[in-house]
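Q: Everything below, folded, please.
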Amino acid sequence: MCICDLKVGDSKKIDNIVGDPKLCKRLFALGAIKGTEISLKQVAPLGDPLIINFRGFDLAIRKKDAKNILLEEA
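A: Numbering: from 1, shown residues only. Reported below is the predicted structural model:
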């Protein structure tokens, strides 16, 4: 499951971040690590970008990058 599978307002914990090493490093630096609660706040009218919230701040992220943020199932 990834962030793109969430509905606006839903939240889950991060399980893993995969894909582009630069993106992974940047998200890790921002505090997006395993176990961090992350929620989908808003989706742009055409579906891209997504506004996510974790650790008290909002972040706009492209949908193709959001697919690399994997979430815990339960």
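
Q: so where's the protein uncertain?
A: Low-confidence segments of the chain (pLDDT under 70): 74.

Q: Please, where are all the helices along it?
A: 21-30, 63-66 (DSSP state H).

Q: Can you list the neighbours in contact with the last one?
A: Applying CB atoms under 8 Å, 6 or more residues apart in numbering, the set of residues contacting helix 63-66 from outside is 2-4, 19-20, 23, 47-50, 52. In this view, the C-beta of every residue, glycine as well, is placed from N, C-alpha and C.

Q: Relative to residue 10, which of these is nearest.
A: Taking CB to CB as the measure, residue 10 lies nearest residue 3 of those, at 9.5 Å.

Q: and the closest one, how many neighbours?
A: Using other CB atoms under 10 Å, residue 3 has 22 neighbouring residues.

Q: In contact with it, which residues?
A: Residue 3 sits in contact with 38, 40, 50, 52, 61, 66-67, 69, 71, where contact means CB under 8 Å, 6+ apart.

Q: closest to residue 56 out of the helices of the chain?
A: That would be helix 21-30 among those, by CB to CB, at 11.2 Å.

Q: Now the closest one: buried residues?
A: For helix 21-30, a neighbour-count test (16 or more other CB atoms under 10 Å) marks 23-24, 27 as buried.

Q: before we move on, back to that, need the buried ones from the contacts of residue 3 selected in ChimeraX.
A: In ChimeraX syntax, the buried subset of the contacts of residue 3 is picked out as below (16+ other CB under 10 Å):
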select :38,40,50,52,61,66,69,71
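
Q: how about the contacts of residue 3 in a markdown table, adding distance to residue 14?
A: Listed next are the contacts of residue 3 as a markdown table, based on distance: CB to CB, whole Å:
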| residue | distance to residue 14 |
| --- | --- |
| 38 | 6 |
| 40 | 13 |
| 50 | 15 |
| 52 | 10 |
| 61 | 13 |
| 66 | 12 |
| 67 | 13 |
| 69 | 6 |
| 71 | 6 |
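
Q: Can you flag which of the contacts of residue 3 belong to strands?
A: Among these, the residues falling in strands (DSSP state E) are 38, 40, 50, 52, 61, 69, 71.
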